[in-house]
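just coords:
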DNA sequence: GTTGACTCCGTACCCATATACGGAGTTTAA
DNA sequence: TTAAACTCCGTATATGGGTACGGAGTCAAC
């Protein structure tokens, strides 16, 4: 049973962030006694830990909301994971192409003799 | 000698985007005769093409502004390219780690027998 | 019992990169 | 000559994921 400040400190996130997640409907509303203060228990903490881990895996907040609403239906979750995997692989391929291009460009810089004429700039012109 | 609409059409970008780049100081101000209309020539077109190509390489607008102000000093440009390369490689490594994690997770989904208990969800809890 | 820390709320602001809107003035084509 | 198309400007909106602010109420410690 913690107030929002304790919760935020324990999870090392901002108080405003917790309220933000609540507004977005990503976490369930905590009970609020007469004084209006939000009271969190283990359930909320676990829910927030879930969010933080999923976020670290690259899921967006909307996706995380979906994940949490799937209530453990494995096929749905797997499908979402596979979709994410596909996007990640595309992104990797994009970046690898980009890596090659920039690598080539900087190599041609190294080979260049004239410091005031840059092959990179030239190739972009 | 083109007005902004022709220019935008030729480069397949939005008129507002051209004005936006001008406001950001990324492209030079075109001359503007009595009617106030911007008049672009080949120089501006080349400048915008440069921007579009650099953007496609993943440079931010601020970085592009720097690139353009380096006036071809090769060492500076190379240094910026190498820095970008480093970031790209880090990003790739991140994504590959992520790929592995999600791959493992979806595999454990496939192996799972109970449709209402998902190993992904469980591992996040 | 007072002071400082905490919480409440609504709202505004931040980043980057644009895109959209509305009203007024200008040019162009039929 | 007139209507459509274009341009001007300033401002607002969008995205995603938060962060900050300010005034008011509440709680806890000394």
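Good, I have the coordinates. Predicted, not measured: the structure shown is a model, and the values here were computed from it. Residues are numbered from 1 along each chain as shown, chains lettered A, B, ... in the order given.

what is the rounded mean pLDDT of whichever strand or helix holds residue A:45?
Element membership of residue A:45 [criterion: DSSP states H and E] is helix A:42-56. The average pLDDT within helix A:42-56 is 91.

Check whether that helix comes into contact with DNA strand C.
No - for helix A:42-56 and DNA strand C, the contact criterion (CB under 7 Å from any atom of the strand) is not met; the two come no nearer than 12.0 Å. Every C-beta, even on glycine, is put in place using the N, C-alpha and C of the backbone.

what's the following helix or strand after that helix?
The helix or strand immediately downstream of helix A:42-56 is helix A:61-69, counting by DSSP H and E.

Distance check, the single nearest residue of chain A relative to DNA strand C against residue A:33.
Among the residues of chain A, residue A:5 lies nearest to DNA strand C; the distance is 2.1 Å by CB to the nearest atom of the strand. Going from residue A:5 to residue A:33 by CB to CB, to the nearest Å gives 16 Å.

Residue A:66 too?
Distance from residue A:66 to residue A:33, by CB to CB: 31 Å.

hmm, the lengthiest helix in chain A in reach of DNA strand C?
Counting residues, the longest helix found in chain A (DSSP state H) is helix A:74-111. No - against DNA strand C, helix A:74-111 shows no contacts by CB under 7 Å from any atom of the strand, the least distance being 14.4 Å.

What are the buried residues along that helix?
Of the residues in helix A:74-111, A:74, A:76-78, A:80-82, A:84-85, A:88, A:91-92, A:95, A:98-99, A:101-102, A:105-106, A:108-109 count as buried by neighbour count, 16 or more other CB atoms under 10 Å in any protein chain shown.

Helix B:42-56 and that helix, what's the angle between them?
With axes from the mean of the first three to the mean of the last three CA atoms, to 10 degrees applied, the angle from helix A:74-111 to helix B:42-56 works out at 130 degrees.
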